[in-house]
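Peer 1: just coords:
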Ligand SMILES: Nc1ncnc2c1ncn2[C@@H]1O[C@H](COP(=O)(O)OP(=O)(O)O)[C@@H](O)[C@H]1O
Ligand SMILES: Cc1ncc(COP(=O)(O)O)c(C=O)c1O
């Protein structure tokens, strides 16, 4: 038996809900064989309100991991938390050398629990080294504004303008996650393929147990592309997958509640509405 191979270049979330842990769990649920190249290890201090520690791996160690994984013949790549401009450049160059089409860029700039931008210089590096390689980029509202050098969008009309700008920077498809932050009665994401805008809407769950939702969504898109779905189908399934994962999010401890990555497989898909705008 052969399996499609998916690689995530991302950070390790020791608490298990986000980062490479979310990616591997999601790859597994989609029947792909997941591989990893770690950029940083994120820890949480239980004696200090779960405050995050971020430990970077040496750049040579990152390069060696990417080389190992790519040598096996990867079908789709996803990027997640990339901590410095050098890491972003390294990932971008490796993706270019791989010649792969199925490249999903999740431009992680903040963790839900922390609201500081990882490192402002990284935004320019993402625009230069990653957007032109992206089959799809998956920013939330804040990240979309940053990539586009525009104000954080707060309405669907503004999301459309920001998506057009990001597309013009080289990403072949864009999905902006309105999620919980957008003032809208549904959890709405805007998909743009350079021609058509499609609004994807799902039931909004009133929960704080959504840690890892962004990583899970992008990882599901990656696995779907590896499995041969077209980009729009890949996004729609990923939306169903993450909606079920959030609806079944759970409390790990008093600080964090991860999504349940396996919820769609166990409890079934959630309904998604698709509207061409
Ligand atoms: N409370 C919620 N209920 C249902 N879906 C949500 C909710 N919050 C976010 N989503 C969806 O989860 C996916 C990931 O979005 P989000 O959590 O906002 O990303 P990020 O982690 O990058 O900020 C998107 O499809 C978004 O619409
Ligand atoms: C390693 C890592 N990657 C990505 C994220 C982003 O997580 P989310 O999917 O909740 O936005 C986090 C947040 O803690 C993280 O620790």
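Peer 2: That came in fine, so what should we check first? Here the structure is a predicted model, which is why all the values come from computation and not from measurement. Ligands and ions are numbered 1, 2, ... in the order given.

Peer 1: Residue 135 is in contact with residue 103, isn't it?
Peer 2: Yes: using Cβ atoms under 8 Å, residue 135 is in contact with residue 103, at 5.1 Å. From N, CA and C alone the C-beta is placed, and that goes for glycine too.

Peer 1: more neighbours, those two?
Peer 2: Legend: neighbour count by other Cβ atoms under 10 Å for residue 135 and residue 103, higher for residue 103 (25 against 20).

Peer 1: How many neighbouring residues does whichever residue of the stretch 151-277 of the chain sits closest to ligand 2 have?
Peer 2: Closest contact between the stretch 151-277 of the chain and ligand 2, by Cβ to the nearest ligand atom, is at residue 214 (3.4 Å). Neighbours of residue 214 under the rule other Cβ under 10 Å: 26.

Peer 1: which helices and strands sit right next to the helix or strand hosting it?
Peer 2: Using DSSP states H and E, residue 214 sits in helix 213-226. For helix 213-226, the packing partners by 3 or more Cβ pairs under 8 Å, 6 or more residues apart in numbering; DSSP states H and E come out as strand 5-13, helix 19-29, strand 76-79, strand 103-105, strand 174-177, helix 231-247.

Peer 1: can you tell me if stretch 76-94 touches ligand 2.
Peer 2: Yes: against ligand 2, stretch 76-94 shows contacts by Cβ under 6 Å from any ligand atom at 80, 81.

Peer 1: Flag every buried residue along that stretch.
Peer 2: Buried residues in stretch 76-94, counted by 16 or more other Cβ atoms under 10 Å: 76-85, 87-92, 94.

Peer 1: In a strand, residue 228, correct?
Peer 2: No: Residue 228 is assigned coil when assessed by DSSP: H, G, I helix; E, B strand; the rest coil, not a strand.

Peer 1: Distance check, the closest residue to residue 197 other than its chain neighbours against residue 121.
Peer 2: Of all residues not flanking residue 197 in the chain, residue 277 sits nearest, at 4.3 Å (Cβ to Cβ, 6 or more residues apart in numbering). Residue 277 sits 34 Å away from residue 121, taking Cβ to Cβ, to the nearest Å as the criterion.

Peer 1: Residue 133 too?
Peer 2: 19 Å.

Peer 1: These two: which has the busier surroundings?
Peer 2: When residue 133 and residue 121 are compared on other Cβ under 10 Å, the one with more neighbours turns out to be residue 133, at 23 against 12.

Peer 1: for ligand 1, what are the nearby residues on the protein?
Peer 2: Going by Cβ under 6 Å from any ligand atom, the residues of the chain near ligand 1 are 112, 140, 177-180, 187, 189, 202, 204-205, 207, 210, 213-214, 217, 239, 242-243, 246.

Peer 1: again, only this time at 5 Å
Peer 2: 140, 177, 179-180, 187, 189, 204-205, 213-214, 217, 242, 246 (Cβ under 5 Å from any ligand atom).

Peer 1: Can you convert those into JSON lines and add a column each for pLDDT and distance to residue 261?
Peer 2: Shown next, in JSON lines, are these (pLDDT from 0 to 100; distance: Cβ to Cβ, whole Å):
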{"residue": "140", "pLDDT": "95", "distance to residue 261": "19"}
{"residue": "177", "pLDDT": "97", "distance to residue 261": "17"}
{"residue": "179", "pLDDT": "87", "distance to residue 261": "17"}
{"residue": "180", "pLDDT": "80", "distance to residue 261": "18"}
{"residue": "187", "pLDDT": "96", "distance to residue 261": "17"}
{"residue": "189", "pLDDT": "98", "distance to residue 261": "19"}
{"residue": "204", "pLDDT": "94", "distance to residue 261": "19"}
{"residue": "205", "pLDDT": "95", "distance to residue 261": "15"}
{"residue": "213", "pLDDT": "97", "distance to residue 261": "10"}
{"residue": "214", "pLDDT": "97", "distance to residue 261": "13"}
{"residue": "217", "pLDDT": "98", "distance to residue 261": "11"}
{"residue": "242", "pLDDT": "98", "distance to residue 261": "9"}
{"residue": "246", "pLDDT": "97", "distance to residue 261": "11"}
